[in-house]
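Chemist: give me coordinates for this.
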Amino acid sequence: MRRALHNLMVATLLGLIILLTAWMTWLAPPPGSLVAPLLLLLAGPLLVPLRGLLHGRRYTAAWTSLLALFYFAHGVAAMGTPGAARTLGAIEVALSLTLFVSCLLYIRVSRQSVQDTSST
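Modeler: Below is the predicted model of the structure:
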């Protein structure tokens, strides 16, 4: 269970990075001069927890769950706009919720396994 949640956390984080990168560069790009700043603003913070999540660090999973809430809010705001941004926003909401829940469940499951090994 712990390994599956770990894989889900990493996969959804990578999915958010790929989605936002594709969104800002190819699917529905903003005006030319805003592409790089928006890409740094939106996809950049997701690169920070990548190493910690790959190593399965519980502390990184804890604050990544809070980071996921920003992307949830961004996706909800994007769903209020017409066109392709509505669909991309819905995908972002789904990925951010999955990241949030998988981080919380991973913390819970890994805490139980740490307590089980310390009590034996």
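Chemist: okay, and for this protein, where does confidence drop off?
Modeler: 113-120 (pLDDT under 70).
Chemist: what's the longest helix in it?
Modeler: Ranked by number of residues, the top helix in the chain under DSSP state H is helix 84-119.
Chemist: that helix - contacts with which helices or strands?
Modeler: helix 2-22, helix 58-79 (3 or more Cβ pairs under 8 Å, 6 or more residues apart in numbering; DSSP states H and E). Heads up, the C-betas are built off the backbone N, CA and C, glycines and all.
Chemist: I'd like these as CSV, with mean neighbour count appended.
Modeler: Shown next, in CSV, are the helices and strands packed on helix 84-119 (neighbours: other Cβ atoms under 10 Å):
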stretch, mean neighbour count
helix 2-22, 18
helix 58-79, 17
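Chemist: looking at the ones you listed, which is nearest to Gln112?
Modeler: Nearest to Gln112, of all these, is helix 2-22, at 8.9 Å by Cβ to Cβ.
Chemist: give the buried residues for whatever helix or strand comes next after that closest one.
Modeler: Per DSSP states H and E, the first helix or strand lying C-terminal to helix 2-22 is helix 35-42. The neighbour-count check on helix 35-42 (16 or more other Cβ atoms under 10 Å) flags Leu38, Leu39, Leu42 as buried.
Chemist: the first one touches Met24, doesn't it?
Modeler: Yes - in this structure, Leu38 is within contact of Met24 by Cβ atoms under 8 Å, at 5.3 Å.
Chemist: what do those two both touch?
Modeler: Pro30 (Cβ atoms under 8 Å, 6 or more residues apart in numbering).
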